[in-house]
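Novice: what's the 3D shape of this:
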Amino acid sequence: MTGAAVDVGIVGGGLMGRELAAAIGRWAALEDHPVRPRLAAVCDTDPQVLSWFDRIDTVRLRTADYSELLADDGLDVLYLAVPHHLHERLYLDAVAAGKDFLGEKPFGIDLPAARRIVAAIEAREGLFVRCSSEMPYFPGAQLAYSDVRSGAVGPVIEARSSFLHSSDLDVRKRINWKRQSRFCGRAGVMADLGMHVLHVPLRLGWCPSSVYAVLQNLVPERPDASGALVPCDTIDNATLHCAVGAGGGFPLTLETKRIAPGEMNTWQLRALGMDGGVEFSTAAPKTVRRFRVRGGRQVWETLEVGSQSAFRTVTGGIFEFGFSDAILQMWAAFLAERAGALAGAFGCVTPREALTSHEVFDAALRSAETGRAEAV
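Specialist: Numbers count the residues shown, from 1 in each chain. Presented below is the predicted three-dimensional model:
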C-alpha cells in the first residue's frame, strides 16, 4: 500500500472507536489514497473496552490516562470520542499539546464551551482539527449535494434535512448518558444528531438566520440499572423551522429525532428549486430521486447511484453502500485534507461549522422558551 504513514490514537474506545479500528483495517479498499493510517494507541477507562483492541496487532499502547497519548510524540492524529460533558477539557488539552484530531460532535456540551474550544483551535497556528459527521458520505447524499451545488435546481424554494432514529421507541430501554442533560447538554438530541443534518446545508451556504423550534421530551422517565425509574431530562425529538437568506429567503426544516416510528437510522435530504429538485434517504441507499420539468410536465426520476462516494474504492459500483463505508469515507476525507490532498472532495465538518451548529441549537432552545422564532 502506498501513502504516507500516519499513527492514530483513540480516546474513547466505544462504538465509534471500534468503527475507526475497523475502517483502518479496511483501508486497502481505498484506491490511491495519499495516507496510510495505523492504529497505535487506545485510551479508555473501562478495561473491558480496552481488551477489545487486543485483536489489533499494531496497537502498542493501551491506557486509562489520555495524557499518555497527548505526550506521545509518535502519535500523529487523535480521534476524540467521549461524551459531550468531557469534550471541553479533552479538546483543549489536545490543542495545548499540539495534536491534530477529529473530534466527535457537538464540540462541547453547550455554546460557551464550543466557543472556547474553537477559539483555542483558531489561536493555535498549524493545527488541523475537524468534527465527525459521516452520513453525508453516502453516494446518494454526495450526488444530491452536487446537484444542488451545481445550480441544477435553480433558486431554492425550500429544503429539509433530517436524521431519524427509532432507538428510544421502547420506553423500557435503560437510561444512558445521552438521555441525561448533565452529560449530553440541554440541546439533547440536537447535540447528538444535529451536526449530521447541518453538515450539508452549511457547506451549501444555508446558514439559518432565525429558528422556530418544536422540542419534545416524550419519555420523561426511564429505568436505571436497578430497574428504578429516574428522570430522563433530555429532548428526544427536535423540529427546527429555519429561515435562510435575506428578506425571508427560503424555509429550511431540520429534524433530529430519537423517536421516529418506522425509521432505524435514517438520514434524509430534500431540496426543491425553481428549476428542479432532489431528494435522498439512506433508507433507500442505492437511489436518488430527482425532479425536473420536461415538455411542460413535472417529472420525478429515480437514479441508481451504486457504492462509490467521495473517495474511490475497489468495491464495484453496483454494490450497496452502508454505515461502515461512510465511516471509511469520512476518515479518508479527514486524512486527505490533513495531507493537503483533498482535491475538491467533500470535506469533514470544520470547527467553525461545528460552532455554527451550536449557535443554531442555542437559538432553538431560546425559541422553545419564548414560543417565537429566535435569531441565530
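
Novice: Can you give the domain ranges for the protein?
Specialist: Annotated domains of the chain cover 4-131, 135-316+349-375 [automatic domain parsing].

Novice: The ones you listed: which one's closest to A339?
Specialist: Judged by CB to CB, the one of the domains of the chain that comes nearest to A339 is domain 4-131, at 5.0 Å. C-beta: built from backbone N, CA, C; applies to glycine.

Novice: Run through the residues that contact the residue nearest the centre of the chain.
Specialist: By CA atoms, centre = their mean, the chain has its centre lying nearest to S133, at 2.2 Å. S133 makes contacts with K105, M195, H196, H199, M330, C348, V349, as judged by CB atoms under 8 Å, 6 or more residues apart in numbering.

Novice: Helix, strand, or coil at it?
Specialist: coil (DSSP: H, G, I helix; E, B strand; the rest coil).

Novice: Look up how far R203 lies from it.
Specialist: S133 sits 10 Å away from R203, going by CB to CB, to the nearest Å.

Novice: Also R124?
Specialist: From R124 across to R203, the span is 24 Å (CB to CB).

Novice: got the domains of the chain as JSON lines, with distance to F323, mean neighbour count and mean pLDDT columns?
Specialist: Below are the domains of the chain laid out as JSON lines (distance: least, CB to CB, whole Å; neighbours: other CB atoms under 10 Å; pLDDT from 0 to 100):
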{"stretch": "domain 4-131", "distance to F323": "8", "mean neighbour count": "18", "mean pLDDT": "97"}
{"stretch": "domain 135-316+349-375", "distance to F323": "7", "mean neighbour count": "19", "mean pLDDT": "95"}
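
Novice: Can you tell me which of those is nearest to G322?
Specialist: Nearest of the domains of the chain to G322, taken as CB to CB: domain 135-316+349-375 at 7.1 Å.

Novice: What is the end-to-end distance of that closest one?
Specialist: Domain 135-316+349-375 has its terminal residues 27 Å apart, counting by CA to CA, to the nearest Å.

Novice: need the domains of the chain in JSON lines with distance to D325, can you?
Specialist: Shown next, in JSON lines, are those (distance: least, CB to CB, whole Å):
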{"stretch": "domain 4-131", "distance to D325": "9"}
{"stretch": "domain 135-316+349-375", "distance to D325": "7"}
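
Novice: quick one: which of those is nearest A341?
Specialist: Of all the domains of the chain, domain 4-131 sits nearest to A341, with 4.3 Å by CB to CB.

Novice: Provide the partner residues of Q268 in its beta bridges.
Specialist: Beta-bridge partners recorded for Q268 (DSSP bridges): S162, S281.

Novice: do the same with the one 4 residues further on
Specialist: Partner residues in beta bridges with L272, using DSSP bridges, are E158, G277.

Novice: Number the chain from 220, please
Specialist: Understood, numbering begins at 220; the last thing we discussed is L491.

Novice: List the residues that contact it.
Specialist: V372, V375, I376, E377, A378, F510.

Novice: again, only using 7 Å
Specialist: V372, I376, E377, F510 (CB atoms under 7 Å, 6 or more residues apart in numbering).

Novice: how close does it sit to R508?
Specialist: According to CB to CB, L491 stands 11 Å off from R508.

Novice: In a strand, D544, correct?
Specialist: No - assessed with three-state DSSP, D544 is helix; it does not lie in a strand.

Novice: name the element the closest residue to T534 other than its chain neighbours belongs to?
Specialist: In space, and not counting its chain neighbours, T534 is closest to S526: 5.0 Å by CB to CB, 6 or more residues apart in numbering. Using DSSP states H and E, S526 is not contained in any helix or strand.

Novice: For S543, which of the domains of the chain is the nearest?
Specialist: Among those, domain 223-350 sits nearest to S543 (CB to CB), with 6.4 Å.

Novice: okay, how far is it across that closest one, tip to tip?
Specialist: 22 Å.

Novice: next one: it to chain centre, how far?
Specialist: In terms of CA atoms, centre = their mean, to the nearest Å, the centre of domain 223-350 is found 15 Å from the chain centre.

Novice: Contacts only, for L459.
Specialist: V430, A432, T472, L473, A583.

Novice: could you pull out the helices for the stretch 220-369 of the chain?
Specialist: 234-244, 266-271, 286-289, 306-315, 330-342, 358-368 (DSSP state H, counting those that start in this stretch).

Novice: now the angle from the fifth one to helix 306-315?
Specialist: Which is helix 330-342. Relative orientation of helix 330-342 and helix 306-315, computed by axes from the mean of the first three to the mean of the last three CA atoms, to 10 degrees: 10 degrees.

Novice: which strands and helices sit next to helix 330-342?
Specialist: The helices and strands touching helix 330-342, judged by 3 or more CB pairs under 7 Å, 6 or more residues apart in numbering; DSSP states H and E, are helix 306-315, helix 570-589.

Novice: I would like the residues contacting stretch 514-527, please.
Specialist: With contacts defined as CB under 7 Å, 6+ apart, stretch 514-527 is touched by 358-359, 362, 505-511, 534-540.

Novice: Extract the C-alpha set from it and format it as CSV.
Specialist: Extracted as CSV, the C-alpha positions of stretch 514-527 are listed here (Å, rounded to 0.1, in the frame of the first residue of the first chain):
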residue,chain,number,x,y,z
GLY,A,514,-42.0,19.5,-22.1
GLY,A,515,-44.2,21.3,-19.6
ARG,A,516,-44.6,18.2,-17.4
GLN,A,517,-43.4,17.7,-13.9
VAL,A,518,-41.2,14.6,-13.7
TRP,A,519,-39.7,12.8,-10.7
GLU,A,520,-37.0,10.3,-11.9
THR,A,521,-35.0,7.7,-10.0
LEU,A,522,-31.3,7.5,-10.4
GLU,A,523,-29.3,4.4,-9.3
VAL,A,524,-26.1,5.5,-7.7
GLY,A,525,-24.2,2.4,-6.6
SER,A,526,-21.4,2.3,-4.0
GLN,A,527,-18.8,4.9,-5.0
